[in-house]
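In: Just the structure for this:
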Amino acid sequence: MDKILRIKMSPDQEPRTETEPIGGYAGFGGRGMTSAIIAKEVPPLCHPLGEDNKLVIAPGLLSGSAAAMSGRISVGCKSPLTGGIKEANSGGQPAQVLARLGYAAIVLEGKPADDKLYKIVINKNGVEILPGDNLKMTGNYDTVEHLKSEYGDKICCISIGQAGEMKLGAASIAFTDMELRPSRHAGRGGVGAVMGSKRVKAIVLDDSGMSMRKAQDPDKFKEANKKFVEGLRQHAVTGQGLPAYGTNVLTNVVNEAGAYPTYNFKTGRFDGASAISGETQAETETARGGQATHGCHRGCVIRCSGIWVDKDGNYVTKQPEYETVWSHGGNCGIDDLDAIAMLDRLDDDFGLDTIEMGATIGVAMEAGLAEFGDADKAIELVKEVGKGTPLGRILGSGAGITGKVFGVERVPVVKNQSMPAYDPRAVQGMGVTYATTTMGADHTAGYAVTANILGVGGNVDALKPEGQVDLSRDLQVATAAIDSTGMCLFIAFAILDQQETFQALIDMINSFHGLNFTADDFSDLGKKVLKLEREFNEQAGFSSKDDRLPDYFRKEALAPHNVTFQVSDSDLDTVFNF
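Out: Model prediction:
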């Protein structure tokens, strides 16, 4: 993984490719790689859909190896949704395949002058850029079926749906899973719109004939990987809760904690939570012949996903994750898992971020476009996006735009990106993360639910402001480092509680790359990535005033705890005082 592939979509000549050594980007991977390239090469004030923006796709430092859980991939750009730097993260097979092909990053740059679509095919023999107009306005599922019929079933794919082609702010990029389904998405920040602006419909990857990446010290690497897997399996969250019930195990937990945003963040509990919980979901999947446990990429040992089938046993979508079940479920007053699964399928097919779309439908319901709880109308609204109608384009632009168009005051966004499934008044550490992360409201940037609700890595009272800044800061640093390795973020549960599992991760990095990395070096990597991102955002015009929650979170008390967000602005401004 020692080279960077640049795909140049020029306005004055045919698209072309250049391959160059990794050079000054050596030591970066995943989010570190995407943010380093964007920070150095993209003008912060450029238009996100213009030729000066770049889209970077990067596997992590351990991707393509035998390291368990190392199949995450990062996508970076200047976000058309937030206007700042963006890293969106996804599972699926492409990270492992891209790394085995030897690429530390793919960089899409420039912009064609015409509206022709292209597909890119990458294998051991090199790179081809081919016409893709036959795939125009095709959903991700049909796109992948077409590519599979053309290139066989040993490939994996990266693609956009109709939303990406229309360059909508909620557009995602799809990554295929082990069964070659486009069910894994780099969802947040409108990264699909940037891929659409480059007129790239799909990237086909084939690592046939390529071997797995080898560690510099194979014996030490194998031993460290073994200890790492043992630690994951011994932890209650990564070894029991997530494999049994998936991420949706959190529905009952967060609802009981009074932190489950319901009816567009009006209250912290949803009466229909048990009907859409992880326990009910897994029971239904098993009874119908689906799968309650499934991995999104080879090498996953947590296996927190699943397969949702309809009442006749037909595949619908991957098991909707907690945040998806919340956004299209409790947030919209919907307690029907089949309806939520259909919304998830539509989002994946059209290429839409499920969090942004669920939050948008919640805002639309508050505006009166539908009644809370009306699942059929919610499905109709998402279908409007796929059709590209004027209403669909508004909704596909995200919650912030939808709120402005329909005059809604209560819009749960930070930096124009919608908040996920944890109310910041009842999980105050998440409120700090939502306000201050470089990415716009993003739970994965610093998942304070760990200590606020789950008691992982310590305990910090979720309803009080004390300790929340330190908690969020530490988690944001750790997350930026984890995202650079290609590791799934869920390993954080185990490494926060088990020093030996964290050490095993460090030992894997060292034995693979021939380094003498320490825990402090791991932290420094996270800080370096955050510093690059912060500097980009500052040059793009962001300031401390953008690191704030909407006012109503300080003014409206959330039931059942009747608490408002209490962390002061002055404290928020200290988060990045490393």
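In: all contacts plus neighbour counts: C-alpha atoms, from now on.
Out: Fine.
In: and the gap between D177 and G351?
Out: From D177 across to G351, the span is 15 Å (C-alpha to C-alpha, to the nearest Å).
In: Of these two, which one has the most company?
Out: More crowded of D177 and G351, by other C-alpha atoms under 10 Å: G351, with 35 against 21.
In: Rounded mean pLDDT for stretch 229-243, please.
Out: Averaging pLDDT along stretch 229-243 yields 93.
In: again with stretch 51-61
Out: The model assigns stretch 51-61 a mean pLDDT of 97.
In: buried sites along it?
Out: Going by neighbour count (16 or more other C-alpha atoms under 10 Å), the buried part of stretch 51-61 is E51, D52, N53, K54, L55, V56, I57, A58, P59, G60, L61.
In: From Q13, how far out is the fourth one?
Out: If I follow you right, that is K54. In terms of C-alpha to C-alpha, K54 sits 18 Å off from Q13.
In: what helix or strand does the residue most central in space within the chain sit in?
Out: In the chain, the centroid-proximal residue (C-alpha atoms, centre = their mean) is N89; its distance is 4.0 Å. Assigned by DSSP states H and E, N89 belongs to strand 85-90.
In: List the neighbouring strands of that strand plus their orientation.
Out: Strand 85-90 has the following strand partners under DSSP bridges: strand 73-78 (antiparallel).
In: Any idea how far the partner strand is from the middle of the chain?
Out: Computed by C-alpha atoms, centre = their mean, to the nearest Å, the separation of strand 73-78 from the middle of its chain amounts to 10 Å.
In: and if you look at stretch 528-539?
Out: The answer for stretch 528-539 is 19 Å, by C-alpha atoms, centre = their mean.
In: I would like the residues contacting that stretch, please.
Out: Defining contact as C-alpha atoms under 8 Å, 6 or more residues apart in numbering, one finds that stretch 528-539 is touched by 31-32, 35-36, 39, 44-45, 84-85, 438, 477, 480-481.
In: Next, the residue lying closest to S65 once chain neighbours are set aside: secondary structure please.
Out: Once flanking residues are discounted, S65 sits nearest to R213: 4.8 Å by C-alpha to C-alpha, 6 or more residues apart in numbering. Secondary structure, DSSP: H, G, I helix; E, B strand; the rest coil: R213 is coil.
In: so the residue nearest to the centre of the chain sits right up against G60, yeah?
Out: No. The criterion here is C-alpha atoms under 8 Å, and N89 misses it with G60 at 10.7 Å.
In: Pull the contacting residues for D338.
Out: So D338 contacts D310 (C-alpha under 8 Å, 6+ apart).
In: packing partners for the helix or strand of the chain with the lowest mean pLDDT?
Out: Within the chain, confidence by mean pLDDT, DSSP states H and E is lowest for strand 291-294 among all helices and strands, at a mean of 85. Counting contacts by 3 or more C-alpha pairs under 8 Å, 6 or more residues apart in numbering; DSSP states H and E, strand 291-294 is packed against helix 242-245, helix 278-288, strand 305-309.
In: Show me what the second one is packed up against.
Out: The contact analysis (3+ C-alpha pairs under 8 Å, 6+ apart) places helix 278-288 against helix 242-245, helix 250-256, strand 291-294, strand 305-309.
In: mind running it again at 6 Å?
Out: Helices and strands touching helix 278-288, by 3 or more C-alpha pairs under 6 Å, 6 or more residues apart in numbering; DSSP states H and E, are helix 242-245, strand 291-294.
In: Could you figure out how far that helix is turned away from strand 305-309?
Out: 50 degrees (axes from the mean of the first three to the mean of the last three C-alpha atoms, to 10 degrees).
In: What residues of helix 278-288 count as buried?
Out: For helix 278-288, the neighbour count (16+ other C-alpha under 10 Å) marks G278, E279, T280, Q281, A282, T284, E285, T286, R288 as buried.
In: Repeat that for the last one.
Out: Of all the residues in strand 305-309, those buried under the rule 16+ other C-alpha under 10 Å are S305, G306, I307, W308, V309.
In: Pairing partners for it, with directions?
Out: Sheet pairing here is set by DSSP bridges, and for strand 305-309 it gives strand 291-294 (antiparallel), strand 315-318 (antiparallel).
In: Mind putting those strands into JSON lines with mean neighbour count and distance to T360?
Out: Putting the strands paired with strand 305-309 into JSON lines (neighbours: other C-alpha atoms under 10 Å; distance: least, C-alpha to C-alpha, whole Å) gives the following:
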{"stretch": "strand 291-294", "mean neighbour count": "21", "distance to T360": "28"}
{"stretch": "strand 315-318", "mean neighbour count": "19", "distance to T360": "21"}
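In: All good on my end, thank you.
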